[in-house]
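*Asks:* here is my input, please return the structure:
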Amino acid sequence: MAQAAGICGVILAAGSSTRMGRDKALLPWPPVPEGAPAPNTFLGATIDLLQQYSDLVLVVAGKNVRTLESIAHAHGAFLVVNPEPERGQFSSIQVGLQEVLNRGRDAAFLAPVDRPPVLPATLQSLRAAFLNASSRVWAVVPEVSTQGTTVHGHPILVGRDLMEHFLRAPAQAIARDIQHRHREHILYVPIADERLAWNVDTPQDYERLLRSETIPAGSTF
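*Replies:* Numbers count the residues shown, from 1 in each chain. Predicted coordinates for the structure are as follows:
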């Protein structure tokens, strides 16, 4: 069984959202037309989802911390600030994972905020796979078939061993590369949830989501 005294949810939300033109954490979810009342946001809905399968949820913010704090607090999450978000997403991963360890937990879901929340059954499957795995498993990664191709999606669930490799790496590292170097310790779990591969980077991506079209798979860890 993988070591896991507790599992945190870590939402990576410190990006500048340059291509979107507005903070992706604030995009309405479920999607609604421009100007229509929004029942929730990408950030709020992701917090709500992760709380069902985590001891607590951390939101890694950057220069947008003042914008996100009211949503984070309203949904019961804790804010952590990346003081230099311009270093890239991996630096936010390191900030979030260090806080996970500071709070005495040994595992974490890593969820970028630029993706709609996955189905609840997906997190349930990832958590069960991780907790029932051998000690040689350092992380559980979902894989999904989309457009005839199998891709690795998000969120992923990482344990302490892989966390420590992430934390020892330079801030300019790429999480995917570290993961691939230790692929013998990664458990890939096939899951039928197309949301795992959705990536919303531009207004056009969000418009396709609004029209319930499949968004092409984006980059992965």
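
*Asks:* ok, the residue lying farthest from the centre of the chain to Pro28 distance?
*Replies:* In terms of distance from the mean C-alpha position of the chain, Gly35 ranks first, at 27.1 Å (Cα atoms, centre = their mean). From Gly35 over to Pro28 the distance is 10 Å, taken as Cβ to Cβ, to the nearest Å. Every residue, glycine included, has its C-beta placed from N, CA and C.

*Asks:* over to Glu84?
*Replies:* 29 Å.

*Asks:* His152 now?
*Replies:* For His152 relative to Pro28 (Cβ to Cβ), the value is 27 Å.

*Asks:* over to Ser125?
*Replies:* Separation of Ser125 from Pro28 (Cβ to Cβ): 27 Å.

*Asks:* how about Ile156?
*Replies:* 25 Å.

*Asks:* do Gly88 as well
*Replies:* Taking Cβ to Cβ, one finds Gly88 at 27 Å from Pro28.

*Asks:* ok, Ala45 next?
*Replies:* Distance, Ala45 to Pro28, by Cβ to Cβ: 9 Å.

*Asks:* tell me how far the residue lying closest to Arg105 once chain neighbours are set aside lies from Arg160.
*Replies:* What sits nearest to Arg105 in space, not counting adjacent residues and going by Cβ to Cβ, 6 or more residues apart in numbering, is Gly6, at 4.0 Å. For Gly6, the distance to Arg160 (Cβ to Cβ) stands at 11 Å.

*Asks:* thinking again about what came up before, pretty sure the residue nearest to Arg105 contacts Leu101?
*Replies:* No: contact criterion Cβ atoms under 8 Å: Gly6 and Leu101 do not qualify, at 10.9 Å.

*Asks:* for Ser17, what are its contacts?
*Replies:* Asp23, Lys24, Ala25, Asp114 (Cβ atoms under 8 Å, 6 or more residues apart in numbering).

*Asks:* so which of those residues comes closest to Val141?
*Replies:* Asp114 (18.0 Å; Cβ to Cβ).

*Asks:* skipping adjacent residues, who's closest to that closest one in space?
*Replies:* Lys24 (4.5 Å).

*Asks:* quick one: contacts for the one you found?
*Replies:* Gly15, Ser17, Phe42, Val113, Asp114, Val200, Asp201.

*Asks:* taking those one by one, which sit in helices?
*Replies:* Phe42 (DSSP state H).

*Asks:* may I see the contacts of Lys24 organised as a markdown table, with distance to Arg176 added?
*Replies:* A markdown table is the format used below for the contacts of Lys24 (distance: Cβ to Cβ, whole Å):
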| residue | distance to Arg176 |
| --- | --- |
| Gly15 | 17 |
| Ser17 | 21 |
| Phe42 | 22 |
| Val113 | 18 |
| Asp114 | 16 |
| Val200 | 19 |
| Asp201 | 17 |
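
*Asks:* so what secondary structure elements neighbour the helix or strand of the chain with the lowest mean pLDDT?
*Replies:* Lowest on mean pLDDT, DSSP states H and E among the helices and strands of the chain sits helix 203-210, with a mean of 87. Here helix 203-210 touches no other helix or strand, going by 3 or more Cβ pairs under 8 Å, 6 or more residues apart in numbering; DSSP states H and E.
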